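K.L.:
Got a sequence here, can you build the structure:
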Amino acid sequence: MATRKATPSGRPKQAAAKQRGIQATVDRRNARKAAAKKTSGKAKKQPVQAGTRRQPENPLPRQRQRKPGHEHKLDPQPRFLAPDYVGSGKLDGMVALVTGGDSGIGRAVAVLFAREGADVAITYLSEDRDAADTRRHVEAEGARCIAVAADVKDPEACDAVVREVVDTFGRLDVLVNNAAFQMHAQALEDITDEHLQETLQTNIAGYIQMARAALPHMGKGGSIINNGSETALFGSKHLLDYSATKGAIHAFTKSLASNLLDRGIRVNAVAPGPVWTPLNPSDQTADKVAKFGQDSDMGRPAQPEEISPAFVFLASPVMASYVNGVILPVMGGPRG
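P.N.:
Below is the predicted model:
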């Protein structure tokens, strides 16, 4: 049988010519922009504001703190009250435990949980003033609150905290694993054994130990929310040990979610990008603190009140009863 040349469908030559024309237009435009950028120097990335009120932008004031860091010493003060967030009883009658609830994301979560009707317990290390401030703000929302000084690296301390929560409130419905240790290091060889163990035992062992202590008191409808990180997704060349623990947290979240599914207890994680908390000025140099978050997709660090609603969503049986084993990125963009 003789072969026949296919009849062109449409106008392929004209379509190809049109595509080349579009390409030429784009090339000319890009060349003009490149020339303008070369003449004017590197254009500064403009921070993005997408919320109901304007958030602080870089440069932040140069500052440095001793660990574990104190919220009341930060300039500017982190925003955690979320004044435009209106509670609607999403956590009515529930009891939540938030580790590291004296400051940063933990404080913001504690306040919104209270606004949604939960009584709240927080843990902290030695930041007595900050812990008292968190308790005052939680109580101002009409909820009960206790603040317990405890080191989550210690399994016995985790057990004691949970016992105090249950003795005080009679139940435990939500655990937020949030306490963390972070310290930049230029090279792996710079991370001492002491540094490594502090990171590992706080960030992953502490999460496991606190969950293990809490679970006997949690029932169907309860939830565990772990605070992960964008560093677990993308890595960080100067946060080698911290990134590794955050990756472990994400894996632990998915594994425990499967393990507890038959018990009706959901396990999820939030993966924040850069957030303005005491963790940062108690870690990096004052010069780097001033630039903190400017390389994120939004060109600025988040404020804690921009992260805390994600925890409410995951904690609420009304909103997230079918959400389990999720790593929820709250990073200001696909790359944080």
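K.L.:
Next, residue 88: phi, psi?
P.N.:
Taking degrees, to the nearest 10, you get phi -140, psi 30 for the backbone angles of residue 88.
K.L.:
tally of neighbours for it?
P.N.:
Neighbourhood size, residue 88 [other Cβ atoms under 10 Å]: 12. Heads up, the C-betas are built off the backbone N, CA and C, glycines and all.
K.L.:
what's the spacing between it and residue 312?
P.N.:
Remark: distance between residue 88 and residue 312 (Cβ to Cβ, to the nearest Å) = 10 Å.
K.L.:
Now for the two: what residues contact both?
P.N.:
Residues within reach of residue 88 and of residue 312 at once, by Cβ atoms under 8 Å, 6 or more residues apart in numbering, are residue 116.
K.L.:
how about low-confidence regions in this structure?
P.N.:
By pLDDT under 70, the low-scoring segments of the chain are 1-10, 12, 22, 37-44, 75, 283, 292-293, 336.
K.L.:
so where's the longest helix in it?
P.N.:
As assigned by DSSP state H, the longest helix anywhere in the chain is helix 12-40.
K.L.:
Identify the residue nearest the geometric centre of this structure.
P.N.:
residue 272 (2.8 Å; Cα atoms, centre = their mean).
K.L.:
Off-centre distance for the helix or strand that contains residue 255?
P.N.:
Residue 255 belongs to helix 240-260 when assigned by DSSP states H and E. How far helix 240-260 lies from its chain's middle: 14 Å, per Cα atoms, centre = their mean, to the nearest Å.
K.L.:
burial of residue 73, as a residue count?
P.N.:
16.
K.L.:
Surely it touches residue 65?
P.N.:
Yes - Residue 73 is in contact with residue 65 according to Cβ atoms under 8 Å; the separation is 6.0 Å.
K.L.:
ok, which stretches of the stretch 201-336 of the chain are strands?
P.N.:
Remark: strands assigned in the stretch 201-336 of the chain by DSSP state E, counting those that start in this stretch are 223-227, 266-272, 327-330.
K.L.:
which helices and strands does the first one pack with?
P.N.:
On a contact count with 3 or more Cβ pairs under 8 Å, 6 or more residues apart in numbering; DSSP states H and E, strand 223-227 meets strand 174-177, helix 206-214, helix 240-260, strand 266-272, helix 308-315.
K.L.:
Nearest to residue 83 among these would be which one?
P.N.:
helix 308-315 (12.6 Å; Cβ to Cβ).
K.L.:
Next, the buried residues of that closest one.
P.N.:
Neighbour-count burial for helix 308-315 flags 308, 310, 311, 312, 313, 314, 315 (criterion: 16 or more other Cβ atoms under 10 Å).
K.L.:
same check, this time on stretch 314-333
P.N.:
314-317, 320, 324-332.
K.L.:
Can you measure across it, start residue to end residue?
P.N.:
End-to-end distance for stretch 314-333, by Cα to Cα, to the nearest Å: 20 Å.
K.L.:
before we move on, the earlier item: send me the helix holding residue 255 as PDB with only the CA atoms.
P.N.:
Below are the C-alpha coordinates for helix 240-260, written out as PDB (Å, rounded to 0.1, in the frame of the first residue of the first chain):
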ATOM      1  CA  LEU A 240      22.600  20.700  60.300                       C
ATOM      2  CA  ASP A 241      21.500  19.100  63.600                       C
ATOM      3  CA  TYR A 242      18.400  21.200  63.900                       C
ATOM      4  CA  SER A 243      17.300  20.400  60.300                       C
ATOM      5  CA  ALA A 244      17.900  16.700  61.000                       C
ATOM      6  CA  THR A 245      15.600  16.700  64.000                       C
ATOM      7  CA  LYS A 246      12.900  18.600  62.200                       C
ATOM      8  CA  GLY A 247      13.000  16.000  59.500                       C
ATOM      9  CA  ALA A 248      12.700  13.300  62.200                       C
ATOM     10  CA  ILE A 249       9.700  15.200  63.600                       C
ATOM     11  CA  HIS A 250       8.000  15.100  60.200                       C
ATOM     12  CA  ALA A 251       8.600  11.300  59.900                       C
ATOM     13  CA  PHE A 252       7.500  10.800  63.500                       C
ATOM     14  CA  THR A 253       4.300  12.700  62.800                       C
ATOM     15  CA  LYS A 254       3.400  10.500  59.800                       C
ATOM     16  CA  SER A 255       4.300   7.300  61.700                       C
ATOM     17  CA  LEU A 256       2.400   8.200  64.800                       C
ATOM     18  CA  ALA A 257      -0.600   9.300  62.800                       C
ATOM     19  CA  SER A 258      -0.800   5.800  61.300                       C
ATOM     20  CA  ASN A 259      -0.200   4.200  64.700                       C
ATOM     21  CA  LEU A 260      -3.000   6.000  66.500                       C
END
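K.L.:
Nice, that's everything, thank you.
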